[in-house]
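1. no FASTA, just this:
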(Lines give C-alpha, C1' and ligand atoms only; values in the text may rest on other atoms or scores of the structure.)
Protein backbone atom coordinates (compact mmCIF):
# COMPACT_ATOMS: atom_id res chain seq x y z
CA UNK A 1 0.00 0.00 0.00
CA UNK A 2 3.04 2.25 -0.08
CA UNK A 3 2.11 4.28 -3.19
CA UNK A 4 -1.53 4.72 -2.22
CA UNK A 5 -2.67 8.13 -1.01
CA UNK A 6 -5.33 8.34 1.67
CA UNK A 7 -7.28 11.55 2.21
CA UNK A 8 -9.45 12.31 5.22
CA UNK A 9 -11.37 15.57 4.92
CA UNK A 10 -13.76 17.07 7.48
CA UNK A 11 -16.42 19.72 6.88
CA UNK A 12 -18.28 21.77 9.50
CA UNK A 13 -21.30 23.51 7.97
CA UNK A 14 -22.57 26.91 9.03
CA UNK A 15 -25.78 26.75 11.05
CA UNK A 16 -28.62 26.25 8.60
CA UNK A 17 -26.32 25.10 5.77
CA UNK A 18 -26.19 21.41 6.75
CA UNK A 19 -28.42 20.22 3.89
CA UNK A 20 -26.56 22.39 1.38
CA UNK A 21 -23.17 21.02 2.44
CA UNK A 22 -24.47 17.48 2.36
CA UNK A 23 -25.85 18.02 -1.14
CA UNK A 24 -22.58 19.48 -2.41
CA UNK A 25 -20.63 16.56 -0.99
CA UNK A 26 -23.13 13.97 -2.22
CA UNK A 27 -22.74 15.36 -5.73
CA UNK A 28 -19.02 14.58 -5.56
CA UNK A 29 -19.40 10.89 -4.73
CA UNK A 30 -20.40 9.26 -8.04
CA UNK A 31 -18.08 11.21 -10.35
CA UNK A 32 -15.16 10.81 -7.95
CA UNK A 33 -15.70 7.06 -7.65
CA UNK A 34 -15.62 6.83 -11.44
CA UNK A 35 -12.23 8.51 -11.77
CA UNK A 36 -9.30 6.35 -12.83
CA UNK A 37 -7.15 5.63 -9.80
CA UNK A 38 -9.86 6.34 -7.23
CA UNK A 39 -10.19 3.21 -5.12
CA UNK A 40 -12.50 4.51 -2.41
CA UNK A 41 -14.58 7.65 -1.92
CA UNK A 42 -16.92 7.43 1.06
CA UNK A 43 -18.97 10.17 2.70
CA UNK A 44 -19.87 10.06 6.40
CA UNK A 45 -21.91 12.24 8.75
CA UNK A 46 -21.21 12.39 12.47
CA UNK A 47 -23.90 10.53 14.44
CA UNK A 48 -24.08 12.77 17.50
CA UNK A 49 -23.49 16.42 18.21
CA UNK A 50 -23.30 19.26 15.75
CA UNK A 51 -23.46 18.27 12.10
CA UNK A 52 -20.19 17.53 10.39
CA UNK A 53 -19.32 15.54 7.29
CA UNK A 54 -16.22 13.49 6.56
CA UNK A 55 -14.76 12.10 3.36
CA UNK A 56 -12.50 9.05 3.33
CA UNK A 57 -10.71 8.68 0.01
CA UNK A 58 -8.08 6.28 -1.29
CA UNK A 59 -6.18 6.91 -4.51
CA UNK A 60 -3.90 4.52 -6.35
CA UNK A 61 -1.07 7.06 -6.22
CA UNK A 62 -0.28 10.77 -6.12
CA UNK A 63 -1.03 11.14 -9.82
CA UNK A 64 -4.59 9.87 -9.25
CA UNK A 65 -5.09 12.44 -6.47
CA UNK A 66 -3.71 15.17 -8.73
CA UNK A 67 -6.14 14.06 -11.44
CA UNK A 68 -9.04 14.21 -8.95
CA UNK A 69 -8.12 17.78 -8.06
CA UNK A 70 -8.08 18.77 -11.74
CA UNK A 71 -11.60 17.55 -12.57
CA UNK A 72 -14.52 19.85 -13.26
CA UNK A 73 -16.62 18.36 -10.45
CA UNK A 74 -13.79 19.04 -7.98
CA UNK A 75 -13.35 22.63 -9.20
CA UNK A 76 -17.12 23.22 -9.03
CA UNK A 77 -17.31 21.83 -5.48
CA UNK A 78 -14.39 24.00 -4.35
CA UNK A 79 -16.08 27.07 -5.83
CA UNK A 80 -19.18 26.70 -3.63
CA UNK A 81 -18.31 24.71 -0.49
CA UNK A 82 -16.34 27.31 1.50
CA UNK A 83 -19.17 29.85 1.71
CA UNK A 84 -21.29 27.20 3.45
CA UNK A 85 -18.73 26.20 6.08
CA UNK A 86 -18.21 27.51 9.60
CA UNK A 87 -14.47 26.77 9.39
CA UNK A 88 -11.86 25.77 6.84
CA UNK A 89 -11.94 22.23 5.49
CA UNK A 90 -9.67 20.04 7.60
CA UNK A 91 -7.76 17.91 5.09
CA UNK A 92 -5.24 15.28 6.04
CA UNK A 93 -3.30 13.47 3.32
CA UNK A 94 -1.97 10.21 4.72
CA UNK A 95 0.23 7.34 3.65
CA UNK A 96 -0.35 3.88 5.04
CA UNK A 97 2.00 2.28 7.52
CA UNK A 98 0.14 -0.86 8.52
CA UNK A 99 -3.12 -1.12 6.58
CA UNK A 100 -5.24 -4.20 5.92
CA UNK A 101 -6.06 -4.91 2.29
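-> Done, it's in. Worth saying up front: this structure is predicted, and the values here are computed from it rather than measured.
2. quick one, helices of the protein?
-> Along the chain, counting by DSSP state H, helices occupy 18-33, 62-70, 72-81.
3. which of the residues in the last one are buried?
-> Which is helix 72-81. Taking 16 or more other CB atoms under 10 Å as the basis for neighbour counts, the residues of helix 72-81 that come out buried are 73-74, 77, 81. C-beta: built from backbone N, CA, C; applies to glycine.
4. where in this structure is pLDDT low?
-> Scanning the chain with the threshold set as pLDDT under 70 gives 1-2.
5. excluding chain neighbours, what is closest to the one residue sitting closest to the centre of it?
-> Among the residues of the chain, residue 55 comes closest to the average C-alpha position under CA atoms, centre = their mean, at 3.9 Å. If you skip the residues right next to it in sequence, residue 55 has residue 9 as its closest partner in space, 4.5 Å away by CB to CB, 6 or more residues apart in numbering.
6. identify the bridge partners of that neighbour.
-> According to DSSP bridges, the partner residues bridging residue 9 are residue 55, residue 91.
7. check contacts around it.
-> Contacts were defined as CB atoms under 8 Å, 6 or more residues apart in numbering; by that measure residue 9 touches 54-55, 57, 89-92.
8. just residue 55 next, same as before
-> The neighbours of residue 55, taking CB under 8 Å, 6+ apart as the test, are 7-11, 25, 28, 41-44.
9. how much space between it and residue 43?
-> Distance check for residue 55 against residue 43: by CB to CB, to the nearest Å, it reads 6 Å.
10. just give the number of residues close to residue 7.
-> By the criterion of other CB atoms under 10 Å, residue 7 has 17 neighbours.
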